[in-house]
Structures are given as C-alpha cells and as structure tokens.
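**Student:** A structural model of the following input is requested.
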Amino acid sequence: MKEYDYIVVGAGSAGAIVAARLSEDPNCSVLLLEYGGSDRSVFIRMPSALGIPMNSKKYNWGFESAPEPHLNNRRMNCPRGKVLGGSSSINGMVYVRGHAHDYDEWEACGAVGWNYQSCLPYFKKLESHECVASEYAGSDGPVSVSGGNNMRNPLYRAFIDAGVDAGYAETDDYNGFRQEGFGQKFMTVDRGVRASTSHAYLDTAKKRSNLTLLKHALVTKVVFDDKTATGIQCEVRGTIQTFAARREVILCAGAIGSPHLLQVSGVGPSEVLQAAGIKVVHDLPGVGENLQDHLEFNFQYRCKQPISLNSKLGLFNKALIGARWLLFKTGLGRTNHFESCAFIRSRAGVKWPDIQYHFLPGAITYDGKVAFKDHGFQVHVGHNKPTSRGHVRAVSVDVKQHPEILFNYLETEQDRQGFRDCVHLTREIMRQPAMDAFRDEVIQPGAEVQTNDQIDAFVRESVDSAYHPSCTCKIGVDSMAVVDPDLRVIGLKKLRIVDSSVFPTVPNGNLNGPTMMVAERGADIIKGVTEPSISMKVYTDPQWQKRQREGTPRRAIVEKG
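**Tutor:** The predicted model follows:
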C-alpha cells in the first residue's frame, strides 16, 4: 500500500489548486486522484465551444435532480466536471467573486475568519487581471482574467446604456469597489484559451516529482481507523487499490461529490445512511443538507439589425471561427460571448445585489442546443440569494449509483417573488431608449405573461439551473455544520473538505471564482499560514432601505394586469 503525506480527491476547480499549492513544499508528497482524464481537447480549450464538453458524457458526471415539486416535477440537469480541471473545464468561464457582503454573511453564519477582508487577499492571489488595474484586483496570479473580445458587438454596450437609462449606475469592476450596476463582464480565458485550474495550476505543478497525478481513479470510500481518516480506497481501471495518508485526506469532489463520498464512507445523517444500507462511522446530520443553487431564465428579443451571433451558427461559419482560433487564438472562438452584465437589487430594503444579468448578443440556449432562426439577442436573469434548501443523499453504498439530488427550487414565497421582480425589472430595462435601435418583437416571455400567477407559471416551465450547486458541507459551528472554520470535518481527524460544498450560503454570482478562492485559502490553512487581511471599502447604496436604485428611469413601463 503506497503512502503519501496528503491525498487530494478530485482535480477540479478546488482540488487542482490544493494539490498544486501543497506540492510547492518539496518535503511533502501529494497524491491527486481524478476520475476523469485529460483536458487537452480542443472543445475544452476553445472558449466558444463551451456547450460541447458541458453536454459530453466523457467530461460530465451527468447528474440530474429528482422531480422538483415546485417546477412542475421537472428533473433538472446538474452537470459536474469529470476531467482534469473539473467543472472549470466545462463551465461558462464567467469570473465573478460575489459581493463583499456575501462573505461577511458567511462569518455571521459561523464561518469565523471567512469575511470579505480575509477572503480578498486570496482572490487577488489567484488572479492575473488583464482588464482592471486597481488595488482590488490581482495582477500576477495563475488564473488569467480577461474580457474576451472586449464588447466589440454594439449590443453589449447598448445593454449597459439601457441600465443607465433605467436609473442604475455603471461600474467599471463588479469584482472591486462596486458590484451594483451595469458593466463589462470578465472571464477566465488566457490569451484565447480556457483558463481552467488544470491550465492555470496543474500544467506547472504536475512536473514536480513530489506530486503524483492519478487519472481514471474512482474513489469509492474514505478509509477510517475509528474516527481517524487513514486513506482512501479507489478503483483504477477495474482494480481496487488503497492509498494511505500520513497527514490528511482532503476531499475536493464538489458540492455533489464530497457529501456523497462522505455518506458512502459512513459519515452523514444516520437515518440517511441506514436507509441506504451504509454502516454508520460517524453521525453528522449536516452532510448533504443545505443544498443551494442559482436559477435563471432568458429574456429573448428579435434584433432589428443583422449583427447577432445567430448568423454564425451554420457549419461553414463555425468552421471559419474554429480555424481562426486554432491558428491565431483570435475571433469569436476566444470568448464565451457573455461580455456585459449587471448586478442589481430586487427591491428597496435589500442591502446588496440579489439579481444577476448575463447579456448575450444572440438568441440561443445556454448549452447551444437550440437557437432562434433569425437575428436575436437575450439577457439571462436570475434571483441569486435563494432561501429554498435541498439535499444530496446516498441511496446505496455503491458510489457509482448517483445520489438523490433535490434542490427544492422555489419552495419559498420569497424566492418566487424574487423571480417576479426579475420579470418586471428586466422588462423595464429592455424597453429603455438605448435598446430602441436593436430591440424588435419579444420572443419570450410574451406580453401575455403579466399577473403573478402567469409569471409563476412561466418561471416554473422555463427556468433552468445556472449550474451553481453548493453549501452541502457548510462551514459553521451549529448542529448542521460539517466542517469547522479550518475546513476540518467535525468530529473526525485527518479529514478536510475544500470545495464549494463548504459555503454556508451561496454568493451573488458565478461560483468558480469563490471556489478557487476557498482552495487558495484552504491550502494555506492546511500549511498553517494565512495571508494578512486587507481592509477595503465597498459600495453600498446609502439609501438601500428606502430605494431600489439610485436614479429615475428615462422610460417608465406601465405593465398590464
């Protein structure tokens, strides 16, 4: 049985970083295990091809939810990366930190030391920002943050101007001093190539002699001696192997994989384990509970001018785009096409933004499967601070059998009202003068969707996951906490979790950035060192309790019904 100082399970958004950082010490040995294989595919590396790996069984675990009771019993797609780089190799590459208050909220929930001032140094540490030079942004980190084609299509700018027309501010960096407002969107793309954590960290780290990377290794359970994790058992190409950890086992399998692996190893709510026929090693009620995710849907419009991406979807045009990217890493192939965005508050009394927009100069589904036949554009909108909670629960001791995943989307009236607000506010924004030269007939939601009941029905049928599962092994000190503020599994020794499952609450934004931050800080915590906190001011509307936005819209919309 081979021994290593550290065993890291999962080479994804978090695990690749943890293994890379721990292996910087030449005096310790690190084993990094990944069930997937290489990330060298052109479809992973080319940003505009993001819909291909996301829909590939080769690169995606293929999870789906149980029938969602508040979404007409629809089963929701839950793609998770099964490849070097994990979900950072199949995601949309959108780079959002979340709002500063999201991390202060974490600390208020019991995640002591995870406030904004303590997390900010680690965001800066991972970033190499090509578009922003300020004291808020990192400049020499492993992960390149860029602007794609920097909004060459005029539709991007029109969306930002429409937000200003509607009374919102423009922000030059939603990850910096001010999230609230409309502005350019940033992405994890390095000189035209997807900047996954495999690209940013492992390409260098895997050359070290003290880091062993084992691909196509399915970890089947954590091995315990009483309450101490001693190693892992895994299946490598049909052969069962066991590896021992001298110091620690570190789970980085994500918000679905980490709680599921704990449960099949005997750690979790005893009633869940017993129902699945699993012997209880440690009763820990919070494992797999507190599941949170973001939902979104698209407002789509016909475009008056022939400038949208819909003209670029034929095979000939795709071939030209691919050839240009292969030869020069330029053109439409170098971007995820989400190049402008916004973060706003849903109503007065909300302290920081809880609605997020991604603007796309085309009318097409997120995964690229279905496109509008003529020119069009769309804006993705979602209410990003949900109060509904779900779970991940093992149904068998066999890790190959997918767990029951229930997000319980839109269970609460507060969440349903959040999406009604999305509809009303987005209609107002898209009817502003800045969009007049481009906006034609609405595609969806139609003008007939007016009343609360009609909006609720449209949302139930049309909303999709934004693919941000999180919070299933939360940091905290209450009875449902799974890890302590140092990310150690409560009640067990030599076992930590470092990934998006440890979030206490979901931040307002895409989760790859926060996950990488947790990995950077988690690796330092394991090493016994932490970066000094940075005291930086962030914007909060001084009249947030009384107003929903700062200005008055140029064109108010009176809705029917």
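
**Student:** Distance of Val442 relative to Gly376?
**Tutor:** Look at Val442 and Gly376: by Cβ to Cβ, to the nearest Å, they are 10 Å apart. Where C-beta positions appear, they are placed from N, C-alpha and C, glycine not excepted.

**Student:** Mutual contacts of the two, please.
**Tutor:** 300-302 (Cβ atoms under 8 Å, 6 or more residues apart in numbering).

**Student:** okay, Val442 and Gly376: which has more neighbours?
**Tutor:** More crowded of Val442 and Gly376, by other Cβ atoms under 10 Å: Gly376, with 23 against 16.

**Student:** And that one, how close does it get to His424?
**Tutor:** In terms of Cβ to Cβ, Gly376 sits 22 Å off from His424.

**Student:** cool, and Gly92?
**Tutor:** Applying Cβ to Cβ to Gly92 and His424 gives a distance of 26 Å.

**Student:** for Leu84, same thing?
**Tutor:** 43 Å.

**Student:** and if you look at Tyr539?
**Tutor:** With distances taken as Cβ to Cβ, Tyr539 is found 24 Å from His424.

**Student:** what do you get for Ser89?
**Tutor:** From Ser89 to His424 the distance is 37 Å (Cβ to Cβ).

**Student:** who's more crowded, these two?
**Tutor:** Higher neighbour count among Ser89 and His424: Ser89, with 30 against 15, using other Cβ under 10 Å.

**Student:** Can you tell me the SS state at Val455?
**Tutor:** No, residue 455 isn't Val; it's Ile. Following DSSP: H, G, I helix; E, B strand; the rest coil, the label given to Ile455 is helix.

**Student:** burial measure for it, as a count.
**Tutor:** 21.

**Student:** Test my guess that it contacts Phe419.
**Tutor:** Yes. Ile455 is within contact range of Phe419, at 7.1 Å (criterion: Cβ atoms under 8 Å).

**Student:** Average pLDDT for stretch 493-509, rounded please.
**Tutor:** Model confidence over stretch 493-509, given as mean pLDDT, is 98.

**Student:** helix, strand or coil for Arg21?
**Tutor:** helix.

**Student:** Not counting sequence-adjacent ones, nearest residue to it?
**Tutor:** Ala523 (3.6 Å; Cβ to Cβ, 6 or more residues apart in numbering).

**Student:** Could you pull up the residues touching the one you found?
**Tutor:** Counting by Cβ under 8 Å, 6+ apart, Ala523 has contacts 17-18, 21-22, 498.

**Student:** buried sites along the longest strand along the chain?
**Tutor:** Across the chain, the strand with the greatest residue count (assigned by DSSP state E) is strand 239-251. Under the neighbour-count criterion of 16 or more other Cβ atoms under 10 Å, strand 239-251 has 243, 245, 248-251 buried.

**Student:** Report the mean per-residue pLDDT for the helix or strand following that strand.
**Tutor:** Following strand 239-251 in sequence order, the next helix or strand is helix 254-264 (DSSP states H and E). Per-residue pLDDT values across helix 254-264 average out to 98.

**Student:** what packs against helix 254-264?
**Tutor:** strand 217-225, strand 239-251, strand 390-393 (3 or more Cβ pairs under 8 Å, 6 or more residues apart in numbering; DSSP states H and E).

**Student:** which outside residues touch the very next helix or strand once past it?
**Tutor:** Going down the chain from helix 254-264, the next helix or strand is strand 267-268, by DSSP H and E. For strand 267-268, contacts defined as Cβ under 8 Å, 6+ apart pick out 222, 259, 262, 281-285, 287-288, 394, 489, 492.

**Student:** just the buried members of the residues you listed?
**Tutor:** Buried among those by 16+ other Cβ under 10 Å: 222, 259, 262, 281-282, 284, 287-288, 394, 489, 492.

**Student:** Pick the one among these closest to Gln401.
**Tutor:** Gln401 lies nearest to Ala394 out of the buried ones among the contacts of strand 267-268, by Cβ to Cβ, at 8.1 Å.

**Student:** how about the lengthiest helix in the chain as PDB, C-alpha atoms only?
**Tutor:** Secondary structure assigned by DSSP state H gives helix 413-430 as the longest helix of the chain. C-alpha atoms of helix 413-430 as PDB (Å, rounded to 0.1, in the frame of the first residue of the first chain):
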ATOM      1  CA  GLU A 413     -42.600  32.700  -1.400                       C
ATOM      2  CA  GLN A 414     -39.600  34.900  -1.100                       C
ATOM      3  CA  ASP A 415     -37.900  33.100  -3.900                       C
ATOM      4  CA  ARG A 416     -41.000  33.200  -6.100                       C
ATOM      5  CA  GLN A 417     -41.300  36.900  -5.500                       C
ATOM      6  CA  GLY A 418     -37.600  37.300  -6.500                       C
ATOM      7  CA  PHE A 419     -38.400  36.000  -9.900                       C
ATOM      8  CA  ARG A 420     -41.500  38.100 -10.300                       C
ATOM      9  CA  ASP A 421     -39.200  41.100  -9.600                       C
ATOM     10  CA  CYS A 422     -36.800  39.800 -12.200                       C
ATOM     11  CA  VAL A 423     -39.500  39.900 -14.900                       C
ATOM     12  CA  HIS A 424     -40.800  43.400 -14.000                       C
ATOM     13  CA  LEU A 425     -37.400  45.000 -13.700                       C
ATOM     14  CA  THR A 426     -35.900  43.300 -16.800                       C
ATOM     15  CA  ARG A 427     -38.900  44.400 -19.000                       C
ATOM     16  CA  GLU A 428     -38.300  48.000 -17.800                       C
ATOM     17  CA  ILE A 429     -34.600  47.800 -18.600                       C
ATOM     18  CA  MET A 430     -35.000  46.300 -22.000                       C
END
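
**Student:** Average pLDDT for it, rounded please.
**Tutor:** pLDDT averaged over helix 413-430 gives 98.

**Student:** In the helix or strand following that helix, which residues are buried?
**Tutor:** Counting by DSSP H and E, the next helix or strand C-terminal to helix 413-430 is strand 439-444. Within strand 439-444, the residues that count as buried by 16+ other Cβ under 10 Å are 439, 442-443.

**Student:** Just give me the neighbour total for the closest residue to Gly349 other than its chain neighbours.
**Tutor:** Leaving aside its sequence neighbours, Gly349 sits nearest to Gln545 (Cβ to Cβ, 6+ apart; 5.7 Å). Counted by other Cβ under 10 Å, the residues lying close to Gln545 total 10.

**Student:** helix or strand for Ala229, which one?
**Tutor:** Going by DSSP H and E, Ala229 is in strand 228-236.

**Student:** May I ask you to confirm that Leu262 is in contact with Val287?
**Tutor:** Yes. The pair Leu262 / Val287 is scored as a contact, 5.1 Å apart, by Cβ under 8 Å.

**Student:** Need the overlap of contacts for those two.
**Tutor:** 268, 473, 482.

**Student:** Throw together a ChimeraX command that grabs the buried residues out of those.
**Tutor:** This is how ChimeraX selects the buried members of the shared contacts of Leu262 and Val287, with burial counted by 16+ other Cβ under 10 Å:
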select :268,473,482
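
**Student:** Closest to Leu511 out of the shared contacts of Leu262 and Val287?
**Tutor:** When the shared contacts of Leu262 and Val287 are compared against Leu511 (criterion: Cβ to Cβ), the nearest one is Cys473, at 14.5 Å.

**Student:** quick one: pLDDT of the closest one?
**Tutor:** Cys473 is given a pLDDT of 99.

**Student:** Can you give me the separation between it and Ala229?
**Tutor:** Cys473 is 14 Å from Ala229, by Cβ to Cβ.
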